[in-house]
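Asks: no sequence on hand, only this structure:
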């Protein structure tokens, strides 16, 4: 991480530490828009900061530390799709999404949508799942199930129905969105759309990996503070060797997942969506989310009775880690990674 990104990280951490845990959507969304965080990966020629996926992942990690409820990642995906589009008025649209406070959101899991038509005369039918903060969005980013169309859909249409999907994890408000002949504007179609979908899913994987590692680090730090303060048999729990070793093992696992993520971001050299980048994103997301779940489960045990208390945030990290592990395609990622290793062994 270069010096500028380190300074940005320190600033972001200060902001998020003042937002509480979990950091509420209503208080943090306006603040991160005002601070220009949504401009992080926007190219300089479009009045952005031009810092790329590295900075976007860094901010995702800081938001993950405090279990931010703000829909930063889906908004960033919509902005990235708009940046890569050929729309003549994209600079105007970007200004509304990055500085005007308008929200364009997207599915964090997948979609079953078909598209017909072209340009600004698209008709879309189907269902999106795990769409974050859809009730506050003015636009929805949608891609078809065959990856041949990427579009923006106005959320206030009668043909768009958003239904809340309640779950254990209360740090992300997710919705199922049904499109019944909704009108949309094409951002890309055909081969260009296929490449754009690969780029967006790749960016999603890297950012979710960063979010997971931010949460894992924060929870382990919180647990160590508890072990240091909690006294048992006239000794701090942190002085017991077995507990020290468990915490050290967790830190090593987090560091390994961080190393894989950082190395992957370094080696893709801005080539999001390429075959190599996609595979590296899958590995980073798989390891980070699996590590997050393990850390959360271990920290729940290490926290003892207080870990089960609703007033203590441990359970919130655990629930978020479980959701993050299933968002995306964790099962297929595991198979893809295993097949790649087997191919290497057979060479």
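Replies: Sure thing, it's come through. The structure displayed is predicted, hence computed values, not measured ones.

Asks: hey, let's count contacts and neighbours off CA atoms from now on
Replies: OK.

Asks: strands of the stretch 201-347 of the chain, residue ranges please.
Replies: Using DSSP state E, counting those that start in this stretch, the strands of the stretch 201-347 of the chain run over 231-232, 235-236.

Asks: and the residue nearest the centre of the chain, how far from residue 222?
Replies: With distances taken as C-alpha atoms, centre = their mean, the residue of the chain nearest its centroid is residue 208 (3.5 Å). According to C-alpha to C-alpha, to the nearest Å, residue 208 stands 21 Å off from residue 222.

Asks: partner strands of the longest strand seen in the chain, with direction?
Replies: Selection of the longest strand in the chain by residue count, based on DSSP state E, yields strand 174-189. Strand 174-189 pairs in its sheet with strand 122-132 (antiparallel), strand 149-154 (antiparallel), strand 160-164 (antiparallel), by DSSP bridges.

Asks: quick one: average pLDDT of it?
Replies: Summarised as a single mean, pLDDT over strand 174-189 is 95.

Asks: with stretch 238-249 instead?
Replies: Averaging pLDDT along stretch 238-249 yields 88.

Asks: report the distance from that stretch to the chain centre.
Replies: Offset of stretch 238-249 from its chain centre (C-alpha atoms, centre = their mean, to the nearest Å): 31 Å.

Asks: repeat that for stretch 40-48.
Replies: 20 Å.

Asks: kindly report the same for stretch 71-89.
Replies: For stretch 71-89, the distance to the chain centre is 15 Å (C-alpha atoms, centre = their mean).

Asks: list the buried residues in it.
Replies: Within stretch 71-89, the residues that count as buried by 16 or more other C-alpha atoms under 10 Å are 71-85.

Asks: quick check, nearest of those residues to residue 287?
Replies: Nearest to residue 287 out of the buried residues of stretch 71-89 is residue 73 (C-alpha to C-alpha; 19.1 Å).

Asks: now for the one helix or strand the closest one maps to, which elements pack on it?
Replies: Under the criterion DSSP states H and E, the helix or strand holding residue 73 is helix 72-84. In terms of contacts (3 or more C-alpha pairs under 8 Å, 6 or more residues apart in numbering; DSSP states H and E), helix 72-84 is packed against helix 90-98, strand 104-116, helix 191-229.

Asks: quick check: mean pLDDT of it?
Replies: Helix 72-84 carries an average pLDDT of 96.

Asks: that helix versus strand 122-132: what angle between them?
Replies: 150 degrees (axes from the mean of the first three to the mean of the last three C-alpha atoms, to 10 degrees).

Asks: what's the first-to-last distance across stretch 134-148?
Replies: 23 Å.

Asks: so which bits of that stretch are buried?
Replies: Of the residues in stretch 134-148, 134, 135, 137, 138, 139, 140, 141, 142, 143, 144, 147, 148 count as buried by neighbour count, 16+ other C-alpha under 10 Å.

Asks: buried ones in stretch 107-121?
Replies: Under the neighbour-count criterion of 16+ other C-alpha under 10 Å, stretch 107-121 has 107, 108, 109, 110, 111, 113, 114, 115, 118 buried.

Asks: any idea how far that stretch is from the middle of the chain?
Replies: The answer for stretch 107-121 is 21 Å, by C-alpha atoms, centre = their mean.

Asks: the residue lying closest to residue 213 once chain neighbours are set aside: neighbouring residues, count only.
Replies: Distances taken as C-alpha to C-alpha, 6 or more residues apart in numbering place residue 288 nearest to residue 213, at 6.0 Å, with adjacent residues excluded. Number of residues near residue 288 (other C-alpha atoms under 10 Å) recorded here: 33.

Asks: from now on call the first residue 29
Replies: All set: I'll call the first residue 29, so the last point we hit is now residue 316.

Asks: contacts only, for residue 316.
Replies: The contact partners of residue 316, taken as C-alpha atoms under 8 Å, 6 or more residues apart in numbering, are 237, 238, 240, 241, 282, 285, 286.

Asks: what's the closest of these to residue 82?
Replies: Nearest to residue 82 among the contacts of residue 316, with distances taken as C-alpha to C-alpha, is residue 238, at 9.8 Å.
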